[in-house]
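J.: for reference, the sequence and a predicted model appear below.
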Amino acid sequence: MIRASSLTQPPVHSSGGIGDYLRNRPGLIRMLLLVLALVLWEVAYWLALRGNRAAFPPSMLLVTIGELVSDGRLIRSSLSTLTNVAIAFAMASIAGFALGSLLQRSRQVRGFVDAFLASYYSIPLLVFYPLLVGVLGINRWPLVALGVAFATPAMVINTLYALDRIPTGFYKVARTLRIGTFSTITEVVLPAALPTLLAGLRLTLGYAFVAVLGGEFLLSASGLGHSIAFAYENFDNRDMFALIIVVFVLAIALNSLLLMFEGKGTSASSKVVALTEHGSTLWTAIYFVLFLSLCVAVWQLIYETVGDVALASPAATMAFSFELLTRAFFWSNVTATMWAFGVSLVITISIGILVGLALGVSPLAAKVVEPMVTAFYSMPKITLYPIVLLLFGLGVAAKVAMGVLHGVLPVILYTAMAVRTVAPAHLKAARMMGLTSQQTAVTVIFPSCLPEVFAGVRIGFALTFLGVLIGEMFASQRGLGFMVMNAIEINDTATLTSVTMLVTVFAIVSNGVLLWVQRRIRGY
């Protein structure tokens, strides 16, 4: 059984949208904390940071946002980004729902699909953006394609879960009443699946937004991501910080908008979701081989269409990859990446588990903090890299910080959920046996939490690796991410395609091993 919630977004508290801030105590506390943070930020600037050219108070940034709006730059950038997000969201929603509906009917294909979806988000998809630019040109369509590729699996997963959880009795009643196929879909299936489908739409929108902003920041001529990158490259810190705040507000607004429509219904993002495995191991292997063959065929077809300008052929990539594995230069970059990744992972797991435990044992803290963590999760963290550079400078520290920023959130959320879901009967039995707090933690809480905590660690592993690669793609002189960006700048398609393939293979294999361990921990 594969947990679908671990494939899309970590489980979170449903905050009920913007109205939550006005109706409940946690919402008011969050608002007060935000106001307090802004006040302290303002006071700290005027008392201690006024001479720092990299620091700006909220009042000044608000004025800057007004200036960007008045001269039209912010409106043009926002419209460009939101248009790309809207197109990617619509295409991903339709494609994801259609694919999910078709896959739900095939028991044999599901075995492979579930395993593939479990590994999908461990692939650093942003490294494919330069290839999309080479194939589709420098326009909006590479961004849309990246958004669709990033967001569609979230909709597929939620569609599969929504259809899986409809009671079979509903279909029997429909047949007994001789309701037609169309009426069964519109009057039975869709109403029963609607809450989870709405959750899927929210996740799909979030992933489309993250992918589009990331692509704009990486290599684009328009949009909010491009504006942030342009301000950073021109040392215009004031505009850069103002635009980052705009992006953060947009991420919260988009998430809250769909959350209001989603309401209090069952959400695949707020509960542990299970996709049942279907089909035998043999069929899974067969479908894997067929899928791999299809990928190679499509790759070859694209190569025949665009040539060496955008990417190398499959045969040339394999040959050059083996050659790379014999070069000391390649392994020195691998060592640099793995060192930063290892440090990031240790920090990610340590902070994630400690903070998750604190949220898990305090219901009020969880209700106050988790919605803020979730909002930050939907933030395109690549746009925060200029701030990371200002804080940590060039070098390994910045790469480590980017890795932690990407990976720590799912570990926090999964750990908090794991602690909250420990069976009360187990804790009561521990008290009756006279166990101390330390004994209870070691013999009861830790074994109960381990499966879900490890699920968060698995997701954190993939996202930490992605964050380190992103950190290496900017202002770095070593690492696999540096090799990718250097290959883009000199149009070295052989190196670009080979390193991308090797990174993808590492991500999938690592996730597969961790998924196998996770299944052993869960006992199936």
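T.: Right, received. Where do you want to start? Numbers count the residues shown, from 1 in each chain.
J.: quick one: end-to-end distance for stretch 487-500.
T.: This stretch, stretch 487-500, spans 11 Å end to end (CA to CA, to the nearest Å).
J.: swap in stretch 121-128?
T.: 13 Å.
J.: check contacts around Met91.
T.: 144, 148, 152 (CB atoms under 8 Å, 6 or more residues apart in numbering). Yep, even glycine has a C-beta here, placed from its N, CA and C like the rest.
J.: same deal with Glu216?
T.: Contacts of Glu216 by CB under 8 Å, 6+ apart are 81, 84, 143, 222-226, 229.
J.: try it again at 7 Å.
T.: Shown in contact with Glu216 (CB atoms under 7 Å, 6 or more residues apart in numbering): 81, 143, 223-226.
J.: tell me which helix or strand comes right after the helix or strand that contains it.
T.: Assigned by DSSP states H and E, Glu216 belongs to helix 190-219. Next in sequence after helix 190-219, counting helices and strands by DSSP H and E, comes helix 223-233.
J.: now do the helix or strand just after that following helix: which elements does it pack against?
T.: Once helix 223-233 ends, the next helix or strand along the chain (criterion: DSSP H and E) is helix 237-262. When contacts are defined as 3 or more CB pairs under 7 Å, 6 or more residues apart in numbering; DSSP states H and E, helix 237-262 sits against helix 58-70, helix 190-219, helix 223-233, helix 363-377.
J.: run through the residues that contact the closest residue to Cys449 other than its chain neighbours.
T.: Among residues not flanking Cys449 along the chain, Ala418 sits closest, at 3.8 Å (CB to CB, 6 or more residues apart in numbering). Neighbouring residues of Ala418 by CB under 7 Å, 6+ apart: 360, 449, 452-453.
J.: just Gly96 next, same as before
T.: 152, 154-156, 159, 204.
J.: what is the nearest of these to Tyr303?
T.: Comparing the contacts of Gly96 against Tyr303 with CB to CB picks out Thr152 as the nearest, at 23.4 Å.
J.: from Ala193, how far off is Phe182?
T.: From Phe182 over to Ala193 the distance is 16 Å, taken as CB to CB, to the nearest Å.
J.: where do the strands sit along this protein?
T.: 2-3, 274-275 (DSSP state E).
J.: before we move on, the earlier item: out of the helices and strands packed on helix 237-262, flag the one nearest Phe482.
T.: helix 190-219 (13.9 Å).
J.: now that closest one: how far from the chain's centre is it?
T.: Here helix 190-219 is found 10 Å from its chain centre; the criterion is CA atoms, centre = their mean, to the nearest Å.
J.: now stretch 41-58
T.: Worked out by CA atoms, centre = their mean, stretch 41-58 lies 32 Å from the chain centre.
J.: average pLDDT across that stretch?
T.: Averaged over stretch 41-58, pLDDT sits at 77.
J.: one more: stretch 195-203?
T.: The model assigns stretch 195-203 a mean pLDDT of 78.
J.: give me the buried positions along it.
T.: 195-203 (16 or more other CB atoms under 10 Å).
J.: with the residues you listed in mind, which one is nearest to Ala90?
T.: Of the buried residues of stretch 195-203, the one sitting nearest to Ala90 (CB to CB) turns out to be Leu201, at 10.4 Å.
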